[in-house]
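1. Predicted model and sequence follow; I will ask about them next.
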Amino acid sequence: MKYISKILFLVLFSKINLSFGQDSISKSNQNNWNENIKLSGYFQFQYHYTNHTDSVRLHSMSAGSFDRFNNNKFTIRRSRFRLDYDNQSYAKAALSFDITEKGFIHKDAWLSLTETKYNAFHLNMGLFAMPFGHEIELQSMDREAPERSRIIQHLFPGIRDLGANVRFELPKEHKLSFLRLDGGIYHGTRGNIESDNSKDFNGRIQINNPLKNDFINFSLGYSHYRGNVMHQYDIDGNVSNYHYVFRMLDTTIMVDDKPRDVSIMFQDYLPNQLDSIIRDPNSSIARATYNTLIPRNYQAISGTINLNLKTKSFTLGKTKIRAEYIWGTQVSQEPTLADPYVFTSKSPTGPVQSVTWPKFDSPQPYNPAYVGLNVKPTHSFIRDFRGGYLCIDQQIGKTGHHLYYRYDFYNPNTQISGENINLNVENSEGVPVGSTGLSVADVTFRTHGIGYRYEATDKLSFTLFYEKPINEITNLQPLSSTQINNGKFPHTGYLTDIKDDIFTIRIQLIF
């Protein structure tokens, strides 16, 4: 029976005569549809070591989590399989997924259509890497460092987004083929899907390798992302359950009869002042209601330089320099009414699914509740941010040996820094009189990384990478044992530069 089904499917498929634009698909192309399917992928096995030996769990941007007192581990970083369909005319499609020790994870699922008169307009639909900047679309098997930079991981933790994008790009033989324009509408995927009436826009203009020679080339681009996050909560008539939108460091309160610019949190010790601020129509803090949209806007300038310096008697090797600078306004949500030390504040990653301990449940530190976009209560925070990275990769002669260096930084709140980042508003005697709303979510990180990569073949490579994150010194104290017992996630504080260096060994095979 299954063979009859296959025969019927092939017969029916061979009778379909589709057209897109001005051209029709030839019958020969229909009959050979299975020849247009390609299976590819790659496998990455890794070993990580960290100098972190604290009793507090460490979460690394490049190596994931290390449990308490654990400083090394093995991991299957990616075991990627991808299925591509290309009919060589108007349609392409791709499906990809990962199989690791964490389970089965879907990645890409998209369809691309191209008009066939000029072959210049391409419509991409589905789940795919957003064309923002440069590093997002750069696949992990092609990047110099094992993982993307810190700011990219924070702003786009899911990397891929659900939506549709139109790209203008002429065929390679055209003299203007170096020009690429992108414009798309997206749900706003940040680990979960943002399901609301407000869709996000992303646009990019890019020049890709206009100099057609073997010695020097470059690319340059500008990207703009404009979207919204919906602030919503359940209104039950209880004033304690009102939830607000906070613009960080935009509100003035009086401490010792002097103005103090802070962001008032919901657990402030000055309820009368807080209430008057909220009711003030000129205040930047407003009482939130359903369907309140909070802007989330990013801009980026990105570029690459490729050099291949050589003479008849000497070859330095290929040099690649990549850089990107990103700035804008980021929204985060605090999904708990508990003490706002805000390790659970998802700034600067945005409202993605996380783990927290709700105030109204009995404290169970080892049995956390999972919260997501539609779980209340939730306060919303707005911060101005900036960050970027610089990466230099140098091939050694004509060999497969490469040395590289990467510097990246991320400042999630440009309005405050250093020791001014404190949980509490204090009077002249150092006594806390209110909450600033500041937290570990406002700490700036700068990371230096050096690496070595050996490309044994075009399929097999070995990577060694050492990175040293440096956090700014703040007044954020470690959580006490009492707070941890009450259900707060353990944290070391940032009174000094914490130990979180990571050494990575990766073996990668492309197939």
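-> Yes, it's here. Numbers count the residues shown, from 1 in each chain.
2. use CA for all of it now, contacts and neighbours both
-> Will do.
3. Tyr494 falls within a helix, correct?
-> No. Judged by DSSP: H, G, I helix; E, B strand; the rest coil, Tyr494 forms no part of a helix; its state is coil.
4. residue contacts, it?
-> Tyr494 makes contacts with Val440, Asn471, Glu472, Ile473, Thr474, Asn475, Leu476, Gln477, Pro478, as judged by C-alpha atoms under 8 Å, 6 or more residues apart in numbering.
5. try 6 Å this time
-> By C-alpha atoms under 6 Å, 6 or more residues apart in numbering, the residues touching Tyr494 are Ile473, Thr474, Leu476.
6. cool, and Ile392?
-> Lys320, Ile321, Tyr404, Tyr405.
7. What separation is there between the closest residue to it other than its chain neighbours and Asp458?
-> Leaving aside its chain neighbours, Ile392 sits nearest to Ile321 (4.6 Å; criterion: C-alpha to C-alpha, 6 or more residues apart in numbering). As judged by C-alpha to C-alpha, to the nearest Å, Ile321 and Asp458 stand 21 Å apart.
8. Give me the neighbour count for His106.
-> 13 (other C-alpha atoms under 10 Å).
9. Just to check, it is in contact with Phe97?
-> Yes. If you go by C-alpha atoms under 6 Å, His106 and Phe97 touch, sitting 4.2 Å apart.
10. So Gly188, which state does it fall into?
-> coil.
11. Include distance to Gln88 and pLDDT when you put the contacts of Ile392 into JSON lines, please.
-> JSON lines is the format used below for the contacts of Ile392 (distance: C-alpha to C-alpha, whole Å; pLDDT from 0 to 100):
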{"residue": "Lys320", "distance to Gln88": "31", "pLDDT": "96"}
{"residue": "Ile321", "distance to Gln88": "33", "pLDDT": "96"}
{"residue": "Tyr404", "distance to Gln88": "37", "pLDDT": "97"}
{"residue": "Tyr405", "distance to Gln88": "39", "pLDDT": "97"}
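12. What's the ChimeraX line that selects buried ones from these?
-> Per 16 or more other C-alpha atoms under 10 Å, the buried members of the contacts of Ile392 correspond to this ChimeraX selection:
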select :320,321,404,405
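13. so which of the contacts of Ile392 comes closest to Leu390?
-> Taking C-alpha to C-alpha as the measure, Leu390 lies nearest Ile321 of those, at 7.4 Å.
14. where's that closest one, which helix or strand?
-> strand 315-334 (DSSP states H and E).
15. Now Phe74: closest residue in space, sequence neighbours ignored.
-> Here the residue nearest Phe74, using C-alpha to C-alpha, 6+ apart, is Tyr47, at 4.6 Å.
16. just checking, what packs against the one helix or strand the one you found maps to?
-> Using DSSP H and E, Tyr47 maps to strand 37-50. Contacts defined by 3 or more C-alpha pairs under 6 Å, 6 or more residues apart in numbering; DSSP states H and E place strand 37-50 against strand 72-86, strand 502-510.
17. With distance to Lys199, mean neighbour count and mean pLDDT added, can I get these in CSV?
-> Below are those laid out as CSV (distance: least, C-alpha to C-alpha, whole Å; neighbours: other C-alpha atoms under 10 Å; pLDDT from 0 to 100):
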stretch, distance to Lys199, mean neighbour count, mean pLDDT
strand 72-86, 28, 18, 94
strand 502-510, 36, 19, 96
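18. So which of those is nearest Thr292?
-> strand 72-86 (38.7 Å).
19. Quickly run through the sheet partners of the closest one, with directions.
-> strand 37-50 (antiparallel), strand 91-100 (antiparallel) (DSSP bridges).
20. Show me the contact partners of the shortest one.
-> Under the criterion C-alpha under 6 Å, 6+ apart, residues 76, 79-86, 104-113 lie in contact with strand 91-100.
21. Where does Ile151 sit: helix, strand or coil?
-> Three-state call for Ile151 (three-state DSSP): helix.
22. hmm, back to that, next, format the strands paired with strand 72-86 as a markdown table and append mean neighbour count.
-> Below are the strands paired with strand 72-86 laid out as a markdown table (neighbours: other C-alpha atoms under 10 Å):
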| stretch | mean neighbour count |
| --- | --- |
| strand 37-50 | 17 |
| strand 91-100 | 18 |
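23. okay, the ones you listed in a markdown table with distance to Tyr410 and mean pLDDT next?
-> Output for those, formatted as a markdown table (distance: least, C-alpha to C-alpha, whole Å; pLDDT from 0 to 100):
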| stretch | distance to Tyr410 | mean pLDDT |
| --- | --- | --- |
| strand 37-50 | 21 | 95 |
| strand 91-100 | 28 | 94 |
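24. re the thing from before, a markdown table for the helices and strands packed on strand 37-50, including distance to Thr436?
-> Shown next, in a markdown table, are these (distance: least, C-alpha to C-alpha, whole Å):
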| stretch | distance to Thr436 |
| --- | --- |
| strand 72-86 | 37 |
| strand 502-510 | 32 |
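25. Go through the ones you listed and name the closest to Arg143.
-> strand 502-510 (12.0 Å).
26. show me where the stretch 151-300 of the chain has helices.
-> 271-279 (DSSP state H, counting those that start in this stretch).
27. which intervals of it have sub-threshold pLDDT?
-> 189-196, 231-244, 246, 248-256, 259-291 (pLDDT under 70).
28. how about the strands of it, start to end?
-> 160-169, 179-186, 200-208, 216-231, 244-247, 251-255, 258-262, 286-287, 292-310 (DSSP state E, counting those that start in this stretch).
29. and Glu429, how many neighbours does it have?
-> Glu429: 7 surrounding residues under other C-alpha under 10 Å.
30. what are the phi and psi angles of it?
-> Glu429 adopts backbone torsions of phi -90, psi 10, taken as degrees, to the nearest 10.
31. what about Glu419, which SS state?
-> helix.
32. and it, what does it touch?
-> Contact analysis of Glu419 by C-alpha under 6 Å, 6+ apart lists Thr474, Asn475.
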